[in-house]
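> give the three-dimensional model of this entry:
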Amino acid sequence: MELQTKHTQYLDFWACVLPWLISAAALFAIALYVFVSISAGSSVWDDSLMFVRYAHNVLSHGAIAWNNNQPTYGLTSLAYLLLVVPLANVFSNAAMVVIAASICGFALFLAVAYFLIHVFAGEDRKAVPVIAAIAATALALGHSSLASIIASGMDTTFGIAYLVLYLAAVAAFVRSGSDSKPVAFLTGMVGGCAYAVRPDLLIYSVIIPVALAIWSDNPALRRNALIMMVATVGTALAAAGAAWMYFGTPLPLPFYAKSGLLYDPTLAHRYRFFPIFQLITHIDAFAPLWLTLPAALVVWRREFFHRTPSALLIGIALSVMAVATYYLFFVIQIMPYEGRFYYPVLPGLIALLAALMARGWSWGRSLSREALLPTTVLVACAVCGALLVAPLVQASEYTAYALLRERGAISTILHGTTLQNYEDDAESQLVWPCLDAVDALPPTASVATTEVGLPGVLAPFRPIIDLAGLNDTQISLREATPADRIKEEKVDVVYLPTEYYYPVMRSAILAQPWFTTDYTIYPATSTGGFPDVAVRKGSLAADPMAACMQKFAATHSTSTTSDTGGYYYLTLPFPLGSF
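Numbers count the residues shown, from 1 in each chain. A predicted model of the protein is given here:
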């Protein structure tokens, strides 16, 4: 009897300890992969640098603006500035600013995800560690995608952190059984804040209250769901109204550029298969989490046809499917790398995982098999541990290599300058020929380009015209064409849109008689290798750019023709091939 008691205590001890060790190992593997991604020296995506330029204008002019103090709604996620602005005061390197912001977003995601799991576990608190271990293992198995996203500097991690917070808030309210209308209204306001985080995240905060109002078996909760919906819609409309008053538009400019077909039809055509490819990539990276969706639909299949205590879970499952469907069929996925558009499904999948595991735990207790639960936990931990062996070994090898061979790149990211990053990166030089010469020009010299991230942070207060319209209100709202903006601003240096992605815009600019008269055009030495550069005659940029472009063309003509023909580095650091 005493031996059996000791055996039980032994199982209970390891059932408590092992899940935490598994979680720690999984997070350690993710941290190593993030470090390796950063050490590569070019992990930051060009679009993320736009946040730094906006942050500089917030700090210098007190305005959310692209050029000086002219308010511009060019950021889809305005709320991400809450992380970027203070970090812009800490780090001198723009790349490190957004990397730190993205890491902070992921840390917030992890912290709130644990709270979400805790809420869904309910009274089965002992299930929390093993649910957390399984979720952490699932994230670690997607280490390649996840590490790239964290190191990219984009607002993706901040967005999923918000979603986890929202789901946790709704779940806590539903599970508490509270009939407090003020709490319901406050929860709805949190849902409406999705507009500032990313307007498309409203898919969650609209569907979930609707699901509660339709399927909940609690009359008080159904009434509160309507209050939540009113608060959500009201908050979102208030945010849109405030944006309209401040920016002159209620929606982010990328919405007009993508939904309004301002993007060149050729570009949209070349991206036509990306949504399905990226969905497959994301499912492959996070397969264990994606499996929770069909599992949840099977477990709760009968509850779709009557009112049920599982209304919240139905709403979450519908939200996950709606998000995936929206990005698959209704979004031109510009810069779609690592399945980043599908990351908003992860909070919902983690919530479904937690609910399924909590249900299984309760089922085990109800069958008077509670003594078997520690053994089940140990088996689950053993499986997770086996799955983590390969990622941990690989991450350790990559980290050792980075520390031994890539210390220069690490130093550049941590202590270097943005210009140094450009000078050390051949791909950046192909996107923006002679950008270092442009950086040496007086701050009043203006630039026009479709890829604005790096030029925008090299000289935060230099006038830069975003020819794609993502940061130019006049182009996005069709008040002016890219050619009109070049003429109006008398732009000194124009990185012409490439024939590969923007043939219509390029032709429209080159067709202007004044353009060929007023500008000297330095053509690319191969199709798609790097863009043509046009320099305004008689400007301060004319002589420096002439000397630089002649040297650049001589240096890159051979390598560009042989290595990058048919490719254009639309957004660093990943090349896109021709279909």
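
> what's the separation between the nearest residue to Leu441 once chain neighbours are set aside and Gly348?
Once flanking residues are discounted, Leu441 sits nearest to Ala541: 5.5 Å by CB to CB, 6 or more residues apart in numbering. Quick note: C-beta positions are derived from backbone N, CA and C, even for glycine. From Ala541 across to Gly348, the span is 50 Å (CB to CB, to the nearest Å).

> in the lengthiest helix in the chain, what's buried?
In the chain, assigned by DSSP state H, the helix with the most residues is helix 2-39. Going by neighbour count (16 or more other CB atoms under 10 Å), the buried part of helix 2-39 is 11, 15, 18-19, 22-23, 25-26, 28-39.

> and what of stretch 206-220?
Those would be Val206, Ile207, Ile208, Pro209, Val210, Ala211, Leu212, Ala213, Trp215, Ser216, Asn218, for stretch 206-220 by 16+ other CB under 10 Å.

> just the strands in the stretch 301-450 of the chain please.
447-449 (DSSP state E, counting those that start in this stretch).

> with just CA atoms, put stretch 274-282 into PDB.
Output in PDB follows, covering the C-alpha atoms of stretch 274-282 (Å, rounded to 0.1, in the frame of the first residue of the first chain):
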ATOM      1  CA  PHE A 274      -0.400  33.000 -53.500                       C
ATOM      2  CA  PRO A 275      -3.400  32.800 -51.100                       C
ATOM      3  CA  ILE A 276      -3.800  29.100 -51.600                       C
ATOM      4  CA  PHE A 277       0.000  28.400 -51.500                       C
ATOM      5  CA  GLN A 278       0.300  30.400 -48.300                       C
ATOM      6  CA  LEU A 279      -2.700  28.700 -46.700                       C
ATOM      7  CA  ILE A 280      -1.100  25.300 -47.400                       C
ATOM      8  CA  THR A 281       2.200  26.600 -46.000                       C
ATOM      9  CA  HIS A 282       0.500  27.800 -42.800                       C
END
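
> give me phi/psi at the most centrally placed residue in the chain?
Ranked by distance to the mean C-alpha position of the chain (CA atoms, centre = their mean), the top residue is Thr156 at 2.3 Å. With angles defined as degrees, to the nearest 10, Thr156 sits at phi -60, psi -50.

> repeat that for the one 5 residues further on.
Backbone dihedrals for Ala161, given as degrees, to the nearest 10, come out at phi -60, psi -40.

> that one contacts Phe109, correct?
Yes. Taking CB atoms under 8 Å as the definition, Ala161 is a contact partner of Phe109 at 3.9 Å.

> quick one: which of those two has more around it?
Phe109 (27 against 24; other CB atoms under 10 Å).

> quick one: which helix or strand includes that one?
helix 94-121 (DSSP states H and E).

> what angle sits between that helix and helix 2-39?
150 degrees (axes from the mean of the first three to the mean of the last three CA atoms, to 10 degrees).

> give me the angle between the very next helix or strand once past helix 94-121 and helix 94-121.
Using DSSP H and E, the helix or strand that follows helix 94-121 in sequence is helix 127-141. Interaxial angle, helix 127-141 versus helix 94-121 (the same axes, to 10 degrees): 140 degrees.

> could you give me the buried positions within helix 127-141?
127-141.

> what's the following helix or strand past that helix in contact with?
For helix 127-141, the succeeding helix or strand toward the C-terminus, using DSSP H and E, is helix 143-152. Helix 143-152 has contacts (CB atoms under 8 Å, 6 or more residues apart in numbering) with 29-30, 33-34, 36-38, 43-45, 48, 98-99, 102-103, 106, 139, 156-157, 281-282, 285-286, 337-340, 343, 391, 395.

> the same query, at a cut-off of 7 Å, please.
29-30, 33-34, 37-38, 43-45, 48, 99, 102-103, 106, 139, 156-157, 285, 337-340, 343, 391 (CB atoms under 7 Å, 6 or more residues apart in numbering).

> do stretch 298-317 as well
Applying CB under 7 Å, 6+ apart, the set of residues contacting stretch 298-317 is 167, 170-171, 174, 207-208, 211-212, 215-217, 293, 296-297, 348, 351-352, 355-356.

> again, 6 Å this time
Here stretch 298-317 makes contact (CB atoms under 6 Å, 6 or more residues apart in numbering) with Val174, Ile207, Ile208, Ala211, Leu212, Trp215, Ser216, Asp217, Ala296, Gly348, Ala351, Ala355.

> farthest pair within these?
Asp217 and Gly348 (21.8 Å; CB to CB).

> okay, now Pro443: neighbour count?
If we define neighbours as other CB under 10 Å, then Pro443 has 11 of them.

> contacting residues for it?
Contacts of Pro443 by CB under 6 Å, 6+ apart are Ala459, Phe461, Arg462.

> before we move on, what about Tyr495?
Thr449, Pro531, Val533.

> what mean pLDDT does stretch 302-314 get?
The average pLDDT within stretch 302-314 is 88.

> before we move on, the earlier item: among the buried residues of stretch 206-220, which pair sits farthest apart?
Val206 and Asn218 (20.2 Å).

> quick one: low-confidence ranges for the stretch 301-450 of the chain?
366-371, 405-417, 420-421, 424 (pLDDT under 70).

> let me see the ranges of the helices in it.
311-329, 345-366, 373-405, 407-415, 418-423, 426-431, 435-439 (DSSP state H, counting those that start in this stretch).

> what sits against Pro182?
Here Pro182 is in contact with no residue (CB under 6 Å, 6+ apart).

> you'd agree it is in a helix?
Yes. Applying DSSP: H, G, I helix; E, B strand; the rest coil, one finds Pro182 inside a helix.

> quick revisit: buried only: go through the contacts of Pro443 for me.
For the contacts of Pro443, buried by 16+ other CB under 10 Å: Ala459, Arg462.

> now intersect the contacts of Pro443 with the helices, please.
Filtering these for helices - DSSP H - leaves nothing at all.

> want to throw the contacts of Pro443 into a markdown table with pLDDT and distance to Lys181?
Shown next, in a markdown table, are those (pLDDT from 0 to 100; distance: CB to CB, whole Å):
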| residue | pLDDT | distance to Lys181 |
| --- | --- | --- |
| Ala459 | 88 | 52 |
| Phe461 | 90 | 49 |
| Arg462 | 93 | 52 |
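
> need the contacts of Pro443 in a markdown table (columns: distance to Gly192).
Formatted as a markdown table, the contacts of Pro443 follow (distance: CB to CB, whole Å):
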| residue | distance to Gly192 |
| --- | --- |
| Ala459 | 37 |
| Phe461 | 34 |
| Arg462 | 36 |
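
> in strands, which of the contacts of Pro443 fall?
Among the contacts of Pro443, DSSP state E puts none in strands.

> of the contacts of Pro443, closest to Tyr401?
Ala459 (35.2 Å).

> hang on, the earlier thing: make CSV from the helices of the stretch 301-450 of the chain and add mean neighbour count and distance to Ala194 to it.
Listed next are the helices of the stretch 301-450 of the chain as CSV, based on neighbours: other CB atoms under 10 Å; distance: least, CB to CB, whole Å:
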stretch, mean neighbour count, distance to Ala194
helix 311-329, 21, 11
helix 345-366, 22, 12
helix 373-405, 16, 32
helix 407-415, 16, 32
helix 418-423, 19, 32
helix 426-431, 20, 33
helix 435-439, 21, 36
